[in-house]
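S.K.: Fold the following for me, if possible:
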Amino acid sequence: MLRFLARFIAVLCAIAFVLLAVAVVFVHAAGTRFLQAQLYRDALVRERFYARFPGIVADVAVRTASRARTAGAGRAEDPSAALAALSPADWNSLLGAVAPASYLQEQVEGSLDQIAGFLHSDAAAPSVKISLFELKRRLVGPELEQAYVNMLQTKPPGTLQQLEDAGGLPVDFRPPAERMPQVLEGFRKVQRSVADSTPDTVDVLATAAKLPQTGRLVTALVEARGSLQRIERWARRSPAVPAALLLLIALFAIRSVRGALLWWGLPCFLAGSAAALLALPVAPVTRLVFDDLVMPVLPPAAPAVMVQTLLDLATGVVQVVMTAALTTAGIMAAAGLVAMIAARFLRPRALPVAPPAAG
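M.R.: You can find the predicted model right below:
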């Protein structure tokens with residue numbers, strides 16, 4: 001009777017292990033990563049964010065210029081309207097000269113490290129500082145001027161009247177050759193003016209906290225920091241729960257090496273297989289939900305390229321987490337399968353035969 005009760009308890013522990021282990025695979029994969037900068041670093045690289053950045057800027061500039069024209073602002077009153085004439089290739093050239101992908105990646109990843117550090121600290125005020133020193137150097141450097149000249153060489157020729165209408169700084173036509181020195185001198189003045197008005201460093205979170213649109217988000221992040229830290233700690237410790245169930249199975253049912261391979265192998269195989277089957281479709285389903293439910297309700301004024309990039313980044317983050325979960329699940333399932341196969345090569349221990357009675 002006691003043997004049957006012990007086996008029954010072991011079976012219950014095995015069932016509980018399978019259910020909890022599946023949950024722990026995802027809790028551990030997400031909970032130990034969502035406050036870590038590396039998760040978002042990987043997603044940004046995976047989705048080629050730094051290469052797509054000029055296209056995002058171009059899309060925002062075109063929409064800004066369109067709204068300016070709708071409001072009745074002309075080119076002279078709103079210089080951003082002239083930027084709408086820049087093609088994606090122009091943006092890649094100009095932004096590549098001022099903020100190449102390597103510079104953007106360095107600053108973004110440094111910011112992510114600072115945000116992760118703040119979330120794991122007890123600092124009262126958020127602070128994420130970005131260095132703009134290299135950006136300022138490139139703003140007045142020869143790289144930007146050469147990129148501007150190269151861009152103009154790809155444009156159709158323009159007239160003196162067009163040059164005058166453009167304020168001396170054309171972007172969508174090539175000025176007459178005799179006026180190029182004056183155009184470049186004007187461009188250098190703009191370079192110096194923009195560089196002089198750019199600070200050496202900017203504190204992104206401190207600035208965002210002062211703005212009405214983003215201040216509430218920063219405040220909410222600070223207030224939620226303690227809860228996020230607790231979730232991360234619980235996620236790190238979560239594997240202890242299924243591990244304890246395996247120990248209970250050993251206590252109530254395992255009496256040999258073969259028994260350990262069977263009693264531990266089968267639950268691990270089932271839990272790992274179930275978690276893997278659940279992890280595989282999560283990223284495609286996430287994209288499907290965004291495409292079918294989120295995208296249709298966004299306002300038409302939302303920049304399409306920016307929205308698509310944010311969608312891709314969100315999917316990329318989910319994909320990184322699911323890859324980690326799938327790896328853990330695969331290892332668990334493989335270990336369980338190997339244990340069950342090995343158990344088949346171990347014969348059950350034979351029971352001792354009682355000697356025949358005398359007489």
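
S.K.: The lowest-mean-pLDDT helix or strand in the chain: what's the following helix or strand?
M.R.: In the chain, no helix or strand scores lower on mean pLDDT, DSSP states H and E than helix 80-83, which sits at a mean of 60. Beyond helix 80-83 in the direction of the C-terminus, DSSP states H and E gives the next helix or strand as helix 88-98.

S.K.: Residues contacting the next helix or strand after that following helix, please?
M.R.: Toward the C-terminus, helix 88-98 is succeeded by helix 101-119 as the next helix or strand (DSSP H and E). For helix 101-119, contacts defined as CB atoms under 8 Å, 6 or more residues apart in numbering pick out 35-37, 40-41, 44-45, 49-51, 53, 126-131, 134-135, 204-205, 221, 225, 228-229. To be clear about C-beta, it is placed using only N, CA and C from the backbone, and glycine gets the same treatment.

S.K.: who does whatever helix or strand comes next after helix 101-119 pair up with?
M.R.: For helix 101-119, the following helix or strand on the C-terminal side (DSSP H and E) is strand 129-131. The strands beside strand 129-131 in its sheet (DSSP bridges) come out as strand 201-203 (antiparallel).

S.K.: so how far is the strand it pairs with from its chain's centroid?
M.R.: Distance of strand 201-203 from the chain centroid (CA atoms, centre = their mean, to the nearest Å) equals 23 Å.

S.K.: correct me, but residue 92 touches residue 56?
M.R.: No: in this structure, residue 92 is not within contact of residue 56 by CB atoms under 8 Å, at 11.6 Å.

S.K.: Residues that sit against both of these two, list them.
M.R.: By CB under 8 Å, 6+ apart, no residue touches both residue 92 and residue 56.

S.K.: Now do the phi/psi pair for residue 176.
M.R.: phi -60, psi 150 (degrees, to the nearest 10).

S.K.: so the host helix or strand of residue 42 versus helix 101-119, what angle?
M.R.: Using DSSP H and E, residue 42 sits in helix 37-46. Inter-element angle recorded for helix 37-46 and helix 101-119: 160 degrees (by axes from the mean of the first three to the mean of the last three CA atoms, to 10 degrees).

S.K.: residues near residue 120, how many?
M.R.: Number of residues near residue 120 (other CB atoms under 10 Å) recorded here: 14.

S.K.: my guess is it meets residue 37, correct?
M.R.: No: between residue 120 and residue 37 there is no contact under CB under 8 Å: 10.3 Å.

S.K.: what comes up buried for stretch 214-224?
M.R.: Using 16 or more other CB atoms under 10 Å as the test for burial, stretch 214-224 gives 218, 221-222.

S.K.: Residue ranges in this protein under the pLDDT threshold?
M.R.: 62, 64-84, 293-295, 297-303, 347-359 (pLDDT under 70).

S.K.: Pop the domain breakdown of it in here.
M.R.: Domain assignment of the chain by automatic domain parsing yields the ranges 2-36+254-344, 48-212.

S.K.: and among those, the most buried is which?
M.R.: Comparing the domains of the chain by mean neighbour count (mean count of other CB atoms under 10 Å), domain 2-36+254-344 comes out on top with a mean of 17.

S.K.: Might you report the residue contacts of residue 149?
M.R.: residue 184.

S.K.: Distance check, it against residue 160.
M.R.: Look at residue 149 and residue 160: by CB to CB, to the nearest Å, they are 19 Å apart.

S.K.: now swap in residue 152 and tell me
M.R.: Counting by CB to CB - residue 152 and residue 160 are separated by 15 Å.

S.K.: ok and the one helix or strand residue 232 maps to relative to helix 101-119, angle-wise?
M.R.: Applying DSSP H and E as the criterion places residue 232 in helix 212-237. Put simply, helix 212-237 runs at 70 degrees to helix 101-119, going by the same axes, to 10 degrees.

S.K.: any idea how far helix 212-237 is from the chain center?
M.R.: On CA atoms, centre = their mean, the centre of helix 212-237 falls 17 Å from the chain's centre.

S.K.: Can you give the contact residues for the following helix or strand past it?
M.R.: Downstream of helix 212-237, the first helix or strand assigned by DSSP H and E is helix 240-253. With CB under 8 Å, 6+ apart as the test, helix 240-253 has contacts from 6-7, 9-10, 13-14, 16-17, 20-21, 24, 259-260, 263-264, 267, 271.

S.K.: Would you confirm that residue 175 contacts residue 156?
M.R.: No: if you go by CB under 8 Å, residue 175 and residue 156 don't touch, sitting 11.2 Å apart.
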